[in-house]
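J.: Pasted the sequence and its predicted model underneath.
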Amino acid sequence: MKLIDSHAHLDLLKDAPGALGRAQQAGVVHILTIGVDLASSQRAAQFSRHLPQVSCSVGLHPHEAAAAGPELWAELKRLALTAPAVAIGECGLDFYRDLSPRARQREAFQRQVELALELGLPLVVHDRQAHEEVLAILQRQGAARVGGVLHCFSGGPDLAREVLTLGFHLGVTGVITYKQAEVLRQVVREAPLERLLIETDCPYLTPAPLRGKPNEPAYLLHTLEALALALGRPAVEVAAATTASARRLFGLPPLED
Ligand SMILES: [Zn+2]
């Protein structure tokens, strides 16, 4: 099986080279590493420049939205073009932790949707307890034209339907391995398989059997297996579908056999 980790923070891993080696052995053939501010976007770009199996996104996380200004937007755009990035984000709204004022979060999110549209890149969206507003911004700005993923999808079936109607994908993390994730299992069962992506969000959200350890791309297999179990489909089929979808959405190079 060949898996793609569609959302990792490689720059936050203690031993990224070791983790990359273990990922390869575990069949994780490609990794999208994500920027959350200018410095981490630059680190993500470095990974993608040096490693053929890594691509990057550049963006500003809602937690960091207060740092936004004209210079930062100019730098992020330049980086997106030169890296080159395959997506814009992670961007969005986080009304759970509210680490930046909501007005600044909205402004930063809208600015990044504009950037994605301008550059023709898909969006990696972070939504925590801000479902209606995230959806409204994506709809209003015509984000369907570039598409993207609601990473670590945490909404219910109603939001999932709206997101799918918009042409977006649902990102499934190790959360699906948790006992209490019944709503998520219901959501994935109702979604078309080709709109599901798997991701680690490492070093966060370690799958159940390994909880307590920092997460890394090699652990993606646990998420795949839990997703396959929830769907009642063979893991190989779910692996092939999620890998094909990630390649299509992010325009990744074809896999070598
Ligand atoms: Zn993330």
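T.: Received it, and whenever you're ready, just let me know what you need. Numbering: from 1, shown residues only.
J.: In the chain, spot the strand with the most residues.
T.: strand 87-94 (DSSP state E).
J.: tell me the mean pLDDT over that strand?
T.: The pLDDT scores in strand 87-94 average 97.
J.: So which bits of that strand are buried?
T.: Buried residues in strand 87-94, counted by 16 or more other CB atoms under 10 Å: 87-94. For the C-beta atoms, the positions are set from N, CA and C on the backbone; glycine is no exception.
J.: What of stretch 125-141?
T.: 125-128, 130-131, 133-135, 137-138, 141.
J.: Spell out the residue ranges of the strands in the stretch 151-257 of the chain.
T.: In the stretch 151-257 of the chain, the segments counted as strands under DSSP state E, counting those that start in this stretch are 169-172, 196-198.
J.: Make a markdown table from the ones you listed and add distance to Ala239, mean pLDDT and mean neighbour count to it.
T.: A markdown table is the format used below for the strands of the stretch 151-257 of the chain (distance: least, CB to CB, whole Å; pLDDT from 0 to 100; neighbours: other CB atoms under 10 Å):
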| stretch | distance to Ala239 | mean pLDDT | mean neighbour count |
| --- | --- | --- | --- |
| strand 169-172 | 13 | 98 | 26 |
| strand 196-198 | 8 | 98 | 25 |
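J.: what residue ranges in the stretch 51-200 of the chain score low on pLDDT?
T.: Judged against pLDDT under 70, the stretch 51-200 of the chain has no low-scoring part.
J.: Now do the phi/psi pair for Pro203.
T.: phi -90, psi 10 (degrees, to the nearest 10).
J.: Identify the residues contacting it.
T.: Pro203 makes contact with 9, 12-13, 214-216 under the criterion CB atoms under 8 Å, 6 or more residues apart in numbering.
J.: Identify the residue nearest it in space, chain neighbours excluded?
T.: Pro214 (4.1 Å; CB to CB, 6 or more residues apart in numbering).
J.: Considering the buried residues of strand 87-94, which is situated nearest to Leu117?
T.: Using CB to CB, Ile88 comes nearest to Leu117 of the buried residues of strand 87-94, at 9.2 Å.
J.: wait, what's in contact with the closest residue to that closest one other than its chain neighbours?
T.: Distances taken as CB to CB, 6+ apart place Ala116 nearest to Ile88, at 4.1 Å, with adjacent residues excluded. Residues near Ala116 by CB under 8 Å, 6+ apart: 87-89, 122-123, 143, 146, 148.
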